[in-house]
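1. quick one, structure for this:
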Amino acid sequence: MDESATEPCKTVDGGITRVFVLLGKRWTGLIVAVLMERPVHFADLRRAIPGISERMLSDRLTELGAAGLVVREVDAGPPLRVAYRLTEAGAALGPALAELRDWAERYLPEGRHGSCRGAATGVPGE
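-> Reported below is the predicted structural model:
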């Protein structure tokens with residue numbers, strides 16, 4: 001019998017755990033991907049991510065802001081408009097998202113694991 005099969009599993013790395021606790025939530029990765037391009041007003045961000053509700057978008061943006069990845073900027077107008085942009089830490093996710101996109105193109109062909117048609121990706125290099 002293979003000795004590695006009898007050894008206990010190694011615990012998950014703390015860094016990986018923190019990343020997936022934040023970015024593993026539904027919609028979060030798509031929001032970050034859209035914001036990779038440029039700052040985006042709330043209504044435009046909602047339109048860029050089909051299926052997301054205003055409440056969910058607001059909740060996820062609040063979480064991303066608390067994590068230091070997104071900044072909320074208010075333009076007093078008129079009319080009053082709110083835009084969101086990535087912080088330096090948020091923008092630093094760009095290469096990782098590009099790698100994930102490339103991995104998905106190679107190993108998760110469209111249709112095999114559900115369709116992603118119409119989903120905003122916004123990852124640099126597209």
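2. all helices of the chain, in order?
-> 3-6, 14-23, 28-35, 42-48, 54-66, 88-91, 94-107 (DSSP state H).
3. tell me which of those helices sits most buried.
-> Neighbour counts (mean count of other CB atoms under 10 Å) averaged over each of the helices of the chain peak at helix 28-35, with a mean of 23. Using the backbone N, CA and C atoms, a C-beta is placed for each residue, glycine as well.
4. using PDB, list the CA coordinates for that one.
-> Coordinates of each C-alpha in helix 28-35 appear next as PDB, following Å, rounded to 0.1, in the frame of the first residue of the first chain:
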ATOM      1  CA  THR A  28     -17.000  38.700  -6.100                       C
ATOM      2  CA  GLY A  29     -14.500  37.600  -8.800                       C
ATOM      3  CA  LEU A  30     -16.700  39.000 -11.500                       C
ATOM      4  CA  ILE A  31     -16.900  42.400  -9.800                       C
ATOM      5  CA  VAL A  32     -13.100  42.500  -9.400                       C
ATOM      6  CA  ALA A  33     -12.700  41.500 -13.000                       C
ATOM      7  CA  VAL A  34     -14.900  44.300 -14.300                       C
ATOM      8  CA  LEU A  35     -13.100  46.800 -12.200                       C
END
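5. packing partners for that helix?
-> helix 14-23, helix 42-48, helix 54-66, strand 70-75, strand 81-86, helix 94-107 (3 or more CB pairs under 8 Å, 6 or more residues apart in numbering; DSSP states H and E).
6. which stretch among the ones you listed comes nearest residue 33?
-> helix 94-107 (5.8 Å; CB to CB).
7. pLDDT on the closest one, on average?
-> If you average the pLDDT over helix 94-107, you get 94.
8. can you give me the angle that helix makes with helix 28-35?
-> Counting by axes from the mean of the first three to the mean of the last three CA atoms, to 10 degrees, helix 94-107 lies at 110 degrees to helix 28-35.
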